[in-house]
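Colleague: predicted model follows, preceded by the sequence.
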Amino acid sequence: MFKQKERQKDLRLKHAFTVDVEDWYHGIADEKTRASAERRLDYGLGRLLDILAEYEVKGTFYWLGPAAVEHPYLVRQVADAGHEIGCHGWLHELVYTMSPQRFREETRKACDAIANLTGKPIISYRAPYFSITRKSLWALEILIELGFQYDSSIFPVRNWRYGIPNFPRQPQQIDTPSGSIYELPVSVRPIFNYNLPVSGGSYFRLYPYSITQNNFLALEQQGLPVVFYIHPWELDPDHPPVPLNWKERLTHYVNFHSTTPKLRRLLAEFSFAPLGDVFKNSQTRVANNHPSPSLTN
């Protein structure tokens, strides 16, 4: 019976399993907290790698530059395990608060540092906080100039920190004067003219598992792979608490202890692959009818 279920799962649509590799403090605005914070990346990342190995799942790991530089052995461990390696930028800051020059310099710095550790070119990017929005679409052209082939930074939702609510849900080829890049947006599900985030991060922890499961099944029926994301610190509920405003506290600390059991159930019920593999499988379905206007609006 178990082998039969495994065969059935293998025949299903493969979803993208992605990891934003950063330590628990990288997304906290207070510089003093970041400077003195306990380094705990190996705790959550180690647990995540063990679980993925148990379920024989490969994913895409987007490394923040300083996390990679501080933990080169972890970068190599992830790469040696067969996972895809991507870039998550240098400092965990909002892209739309940066100048194009700073974005270019810091992204190149992060990309070079990660590539030097893996020995392979880095062709996939995800912005901190999914912060490529209408205000920072210029960043896509810079990514092309830096050699990136695809991006997964746009979240088609309305959020206090990120989002392009009317961005298409399907992968998009975006054309710029510097060339083209494929955008693989984070998954949403339209409900009553509102895009509901499907699964990942705080949404994965906040939703009852039945909602996550239903979202996956709904997108499978539409032939759309889910772009799922998680952070290593979400599997480390013992990392230190720090004072945050209520919005940050809600997204960072709520339901930590639910992450591991939910994740195990998700990996058992659905099929996953690195984002690059999912992207290649969906290239024939990529729409190319929206991107040019989105770069100028």
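Modeller: On my side now, so go ahead.
Colleague: poorly predicted segments of this structure, please.
Modeller: Applying pLDDT under 70 to the chain flags residues 1-11, 29-36, 241-253, 283-297.
Colleague: regarding it, what is its longest helix?
Modeller: helix 100-118 (DSSP state H).
Colleague: next, the distance between the ends of stretch 48-65.
Modeller: One end of stretch 48-65 to the other measures 20 Å (Cα to Cα, to the nearest Å).
Colleague: how about it: buried residues?
Modeller: Leu48, Leu49, Leu52, Val57, Lys58, Gly59, Thr60, Phe61, Tyr62, Trp63, Leu64, Gly65 (16 or more other Cβ atoms under 10 Å). No exception for glycine: its C-beta is placed from N, CA and C like everyone else's.
Colleague: residues in contact with the nearest residue to Lys135 once chain neighbours are set aside?
Modeller: Nearest residue to Lys135, sequence neighbours excluded (Cβ to Cβ, 6 or more residues apart in numbering): Tyr96, at 4.1 Å. Residues counted as contacts of Tyr96 (Cβ atoms under 8 Å, 6 or more residues apart in numbering) are Ser131, Ile132, Thr133, Lys135, Ser136.
Colleague: isn't the third one right up against Tyr162?
Modeller: Yes. With contacts counted by Cβ atoms under 8 Å, Thr133 reaches Tyr162, the gap being 6.1 Å.
Colleague: so what touches stretch 69-87?
Modeller: With Cβ under 8 Å, 6+ apart as the test, stretch 69-87 has contacts from 18, 21, 39, 41-42, 45, 49, 52-53, 58-63, 65, 68, 107, 110-111, 113-114, 117-118, 120, 122-126, 148, 274-277.
Colleague: now, which of the buried residues of stretch 48-65 lie within helices?
Modeller: Leu48, Leu49, Leu52, Gly65.
Colleague: from the buried residues of stretch 48-65, which is closest to Val157?
Modeller: Tyr62 (18.9 Å; Cβ to Cβ).
Colleague: what distance do you get for that closest one to Glu54?
Modeller: Distance of Tyr62 to Glu54, computed by Cβ to Cβ, to the nearest Å: 22 Å.
Colleague: please apply the same query to Trp90.
Modeller: For Trp90, the distance to Glu54 (Cβ to Cβ) stands at 33 Å.
Colleague: for Ser178, same thing?
Modeller: Computed as Cβ to Cβ, the Ser178 to Glu54 distance reads 42 Å.
Colleague: just Tyr96 next, same as before
Modeller: 39 Å.
Colleague: for Ser282, same thing?
Modeller: Distance, Ser282 to Glu54, using Cβ to Cβ: 27 Å.
Colleague: can you check Asp80 too?
Modeller: 17 Å.
Colleague: please apply the same query to Leu235.
Modeller: Distance of Leu235 to Glu54, computed by Cβ to Cβ: 13 Å.
Colleague: returning to that earlier point: make sure the residue nearest to Lys135 is indeed in a helix.
Modeller: Yes. In this structure, Tyr96 lies within a helix as judged by DSSP: H, G, I helix; E, B strand; the rest coil.
Colleague: how close does it get to Gln149?
Modeller: From Tyr96 to Gln149 the distance is 23 Å (Cβ to Cβ).
Colleague: Lys14 now?
Modeller: Counting by Cβ to Cβ, the separation of Lys14 from Gln149 is 19 Å.
Colleague: same question, Ala81
Modeller: 22 Å.
Colleague: and for Pro185?
Modeller: 16 Å.
Colleague: the more surrounded of these two?
Modeller: For Pro185 versus Gln149, neighbours defined as other Cβ atoms under 10 Å are more numerous around Pro185 (21 against 17).
Colleague: now the end-to-end length of stretch 112-126.
Modeller: Length of stretch 112-126, first residue to last, Cα to Cα: 15 Å.
Colleague: give me the residues contacting it.
Modeller: With Cβ under 8 Å, 6+ apart as the test, stretch 112-126 has contacts from 18, 20, 60, 62-63, 65, 68-69, 72, 75-76, 79, 84-89, 107, 111, 143, 147-153, 275-276.
Colleague: how does it look with 7 Å?
Modeller: In this structure, residues lying in contact with stretch 112-126 by Cβ atoms under 7 Å, 6 or more residues apart in numbering are 20, 60, 62-63, 65, 68-69, 72, 75-76, 79, 84-88, 111, 143, 147-153, 275-276.
Colleague: please verify my assumption that Ala273 contacts Lys58.
Modeller: Yes. Look at Ala273 against Lys58 with Cβ atoms under 7 Å: they come within range, at 6.3 Å.
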